[in-house]
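everything below, folded, please.
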Amino acid sequence: FDQKDVRLFKELVYDGVIYDKLVSLSIESGKEKSRIEIKTLVFELIFGKYKSYKVNEPNILNQNFPNVIKLIKSLKMIFEHLMQRKELEPIRSLRSSENEDINDLNYKSGNNYFPILLQRLESRIFIDHLLPKLYDKGICCLPKHDSILVKKSQNITAKIIMETELNKILFTNYSLKIKI
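Model (predicted):
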């Protein structure tokens, strides 16, 4: 999947401007969508079922990034197929062994595998890797979704540590922003 639209999608995601670009494309198409509407659509397409009508109906994402949608559908289909053949274990809640009643966290669908995998990867990077590195260097910080909150006086040091660690994991395929 080295098509032009996939490369552009990756670049826009890494730069943190994918939603803005999709809003701009919706305006150009004459079917203007707000950032919230675009974000909702992206989440429905990426994290929804691969057989969903939303994946197949014309929309700003699959019109401009058809190979991204094909890639995500393919991954979900492969995950589902492997799970049906018992060649891939479902991702289970880390808490399920503590409380067997938490069945809603025991995911069994190939459709769920992809977004859960992404969430776990994000968690491993931010919670399991970056936070301990920052704490070890005396940085007072808190996680917030895909961000880490630090004291204003420590933001430069935190940025250097995060860039060093993220480069080890993601090489240069990410965008790091400081908001004050």
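
which elements pack onto the lengthiest helix in the chain?
The helix that spans the most residues within the chain, counting by DSSP state H, is helix 66-84. In terms of contacts (3 or more Cβ pairs under 8 Å, 6 or more residues apart in numbering; DSSP states H and E), helix 66-84 is packed against helix 4-14, helix 35-47, helix 60-64, helix 110-123. C-beta: built from backbone N, CA, C; applies to glycine.

just checking the distance from the shortest one to the centre of its chain.
It stands for helix 60-64. The chain centre lies 18 Å from the centre of helix 60-64; the measure is Cα atoms, centre = their mean, to the nearest Å.

buried stuff in it?
Ile60, Leu61, Asn62, Asn64 (16 or more other Cβ atoms under 10 Å).

put the alpha carbons of the longest helix of the chain into PDB.
Taking Å, rounded to 0.1, in the frame of the first residue of the first chain, the C-alpha atoms of helix 66-84 are listed here in PDB:
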ATOM      1  CA  PRO A  66      -9.800   5.100  -1.300                       C
ATOM      2  CA  ASN A  67      -6.700   3.000  -0.700                       C
ATOM      3  CA  VAL A  68      -6.600   3.900   3.000                       C
ATOM      4  CA  ILE A  69     -10.200   2.600   3.300                       C
ATOM      5  CA  LYS A  70      -9.200  -0.500   1.300                       C
ATOM      6  CA  LEU A  71      -6.300  -1.100   3.600                       C
ATOM      7  CA  ILE A  72      -8.400  -0.700   6.800                       C
ATOM      8  CA  LYS A  73     -11.100  -3.000   5.400                       C
ATOM      9  CA  SER A  74      -8.500  -5.600   4.400                       C
ATOM     10  CA  LEU A  75      -6.900  -5.600   7.800                       C
ATOM     11  CA  LYS A  76     -10.300  -6.000   9.500                       C
ATOM     12  CA  MET A  77     -11.300  -8.800   7.100                       C
ATOM     13  CA  ILE A  78      -7.900 -10.600   7.700                       C
ATOM     14  CA  PHE A  79      -8.300 -10.200  11.500                       C
ATOM     15  CA  GLU A  80     -11.900 -11.500  11.400                       C
ATOM     16  CA  HIS A  81     -10.900 -14.400   9.200                       C
ATOM     17  CA  LEU A  82      -7.900 -15.400  11.400                       C
ATOM     18  CA  MET A  83     -10.100 -15.200  14.500                       C
ATOM     19  CA  GLN A  84     -12.700 -17.400  12.900                       C
END
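
got the buried residues for it?
Neighbour-count burial for helix 66-84 [16+ other Cβ under 10 Å]: Asn67, Val68, Ile69, Lys70, Leu71, Ile72, Lys73, Lys76, Phe79, Glu80, Met83.

center of the chain - which residue?
Leu118 (5.3 Å; Cα atoms, centre = their mean).

what separation do you get for that one and Lys76?
Going from Leu118 to Lys76 by Cβ to Cβ, to the nearest Å gives 12 Å.
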